[in-house]
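>>> Output the structure for:
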Amino acid sequence: MAIATNRDYLSKTLAKFGLTDDDVDIIVAENPELKGSLDIKACKVAMHKSFSAILPLANVSEGGYSQSWNMDAVKLWYKSLCIELGKPNALKPQIRNRSNYW
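Numbering: from 1, shown residues only. Predicted coordinates:
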């Protein structure tokens, strides 16, 4: 099946992280620029913008069902996305100079 829409691209890209079509619907709803034809850069920008909300927890366990992710791989993927887009990495700790508050 060929990728024809932004929704298809997001679904296939985010499926490896266990995200559902409902998660993709939320990303599309929050990013009106995705309503048009296939635009991979717009999809990547939307994933970057929504990453903190869609970032899976390291381990989820509920009622005998358990799922875990390789968080190092997820963070590496996110870091490469940030570099590709030239956007800041929200997961990278920031050092701030607070000495002038004394």
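
>>> ok, and the helix or strand in the protein with the lowest average confidence?
strand 59-62 (a mean of 66; mean pLDDT, DSSP states H and E).

>>> Quickly find the element holding the residue most central in space within the chain.
By CA atoms, centre = their mean, the chain has its centre lying nearest to Phe51, at 3.3 Å. Assigned by DSSP states H and E, Phe51 belongs to helix 40-54.

>>> who does that helix touch, helix- and strand-wise?
Judged by 3 or more CB pairs under 8 Å, 6 or more residues apart in numbering; DSSP states H and E, helix 40-54 is in contact with helix 6-14, helix 21-30, helix 71-85. Where you see a C-beta, it was placed from the backbone N, CA and C, and this is true even at glycine.

>>> Now the residue nearest to the centre of the chain: closest residue in space, sequence neighbours ignored.
Tyr78 (5.9 Å; CB to CB, 6 or more residues apart in numbering).

>>> Flag every buried residue along stretch 33-51.
Neighbour counts using 16 or more other CB atoms under 10 Å place Leu34, Ala42, Cys43, Lys44, Val45, Ala46, Met47, His48, Lys49, Ser50, Phe51 of stretch 33-51 among the buried residues.

>>> nearest to Arg96, of the helices and strands packed on helix 40-54?
Among those, the nearest to Arg96 by CB to CB is helix 71-85 (19.4 Å).

>>> CA-only coordinates of that closest one in PDB, if you can.
Extracted C-alpha coordinates of helix 71-85, given in PDB (Å, rounded to 0.1, in the frame of the first residue of the first chain):
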ATOM      1  CA  MET A  71      13.600   4.400  25.100                       C
ATOM      2  CA  ASP A  72      17.200   4.900  23.900                       C
ATOM      3  CA  ALA A  73      16.000   4.200  20.400                       C
ATOM      4  CA  VAL A  74      13.000   6.500  20.700                       C
ATOM      5  CA  LYS A  75      15.300   9.300  22.000                       C
ATOM      6  CA  LEU A  76      17.800   8.700  19.200                       C
ATOM      7  CA  TRP A  77      15.000   8.900  16.700                       C
ATOM      8  CA  TYR A  78      13.700  12.100  18.200                       C
ATOM      9  CA  LYS A  79      17.200  13.600  18.300                       C
ATOM     10  CA  SER A  80      17.800  12.800  14.600                       C
ATOM     11  CA  LEU A  81      14.400  14.400  13.800                       C
ATOM     12  CA  CYS A  82      15.400  17.600  15.700                       C
ATOM     13  CA  ILE A  83      18.700  17.700  13.900                       C
ATOM     14  CA  GLU A  84      17.000  17.200  10.500                       C
ATOM     15  CA  LEU A  85      14.500  19.900  11.200                       C
END
